[in-house]
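K.L.:
sequence unavailable; structure follows:
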């Protein structure tokens, strides 16, 4: 689970910039979040084994409003991916609405081996686009692109609201930064600040 700020990074065709949760299930994965840009890495029209239970919340919807740096309150949404105890299906819960699921039969493995939270960009053959809100993080929730209240559930369905066995990673620290805070002064649990101007 995560609560993620809704941002509007600047991108040009064929770039994209995203913020997402990535759940690795053996050789397969589930990924969900938001993407800015018309040439996305995800084909929201391709069913690829996902089954919808809510037609009023289609994949690829425009998410509004978005955060404006320094505004209050921060605009965010809760996203959960969870495995059904009864049948092993993987469900997508968006903003307290269960909207889709991936059947257990879609996966060779029945459990997740890794989870990632954060931003991702694609730039093709041009300077890289913005990530998050386009600024380097400053550890201020109202100023930064953030992911908070990250939570995992283990194979015994025990909830871990602190997820303290994580590591931060950025493959381009000149254009983007990530800061992790396990003991934030803000009442948001484990928080990740991320983003940057790119342009490298």
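P.N.:
That came through, no problem. Remember, it's a predicted structure, so these values are computed and weren't measured experimentally.
K.L.:
direction included, what does the worst-scoring helix or strand of the chain on mean pLDDT pair up with?
P.N.:
When the helices and strands of the chain are scored by mean pLDDT, DSSP states H and E, strand 51-52 comes last with a mean of 87. Using DSSP bridges, strand 51-52 pairs in its sheet with strand 97-102 (antiparallel).
K.L.:
quick check: mean pLDDT of the partner strand?
P.N.:
Averaged over strand 97-102, pLDDT sits at 92.
K.L.:
picking up where we left off before, contacts for the least confident helix or strand of the chain?
P.N.:
Residues outside strand 51-52 that contact it (C-beta atoms under 8 Å, 6 or more residues apart in numbering) are 58-59, 99-103. Every residue, glycine included, has its C-beta placed from N, CA and C.
K.L.:
just stretch 148-164 next, same as before
P.N.:
With C-beta under 8 Å, 6+ apart, stretch 148-164 has contacts from 1-3, 76, 78, 82-83, 85, 111, 115, 117, 141, 182, 184, 186, 188-192.
K.L.:
can you pull the buried residues of stretch 80-91?
P.N.:
By neighbour count with 16 or more other C-beta atoms under 10 Å, stretch 80-91 contains the buried residues 80-83, 89-90.
K.L.:
same check on stretch 123-134?
P.N.:
Going by neighbour count (16+ other C-beta under 10 Å), the buried part of stretch 123-134 is 123, 128-134.
K.L.:
and these, which two are furthest apart?
P.N.:
Greatest spatial distance in these: 123 and 133, 17.6 Å, computed using C-beta to C-beta.
K.L.:
circling back: restricted to helices, list the buried residues of stretch 80-91.
P.N.:
Assignment to helices by DSSP state H places none of the buried residues of stretch 80-91 there.
K.L.:
would you reformat these as JSON lines and include distance to residue 169 and pLDDT?
P.N.:
What follows is these, written out as JSON lines (distance: C-beta to C-beta, whole Å; pLDDT from 0 to 100):
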{"residue": "80", "distance to residue 169": "23", "pLDDT": "95"}
{"residue": "81", "distance to residue 169": "20", "pLDDT": "95"}
{"residue": "82", "distance to residue 169": "24", "pLDDT": "93"}
{"residue": "83", "distance to residue 169": "25", "pLDDT": "93"}
{"residue": "89", "distance to residue 169": "30", "pLDDT": "96"}
{"residue": "90", "distance to residue 169": "24", "pLDDT": "96"}
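K.L.:
and the residues you listed, which is closest to residue 15?
P.N.:
Using C-beta to C-beta, residue 81 comes nearest to residue 15 of the buried residues of stretch 80-91, at 26.0 Å.
K.L.:
measure the closest residue to that closest one other than its chain neighbours to residue 141 for me?
P.N.:
Nearest residue to residue 81 in three dimensions, chain neighbours excluded: residue 23, at 5.3 Å (C-beta to C-beta, 6 or more residues apart in numbering). Here residue 23 is placed at a distance of 25 Å from residue 141 (C-beta to C-beta, to the nearest Å).
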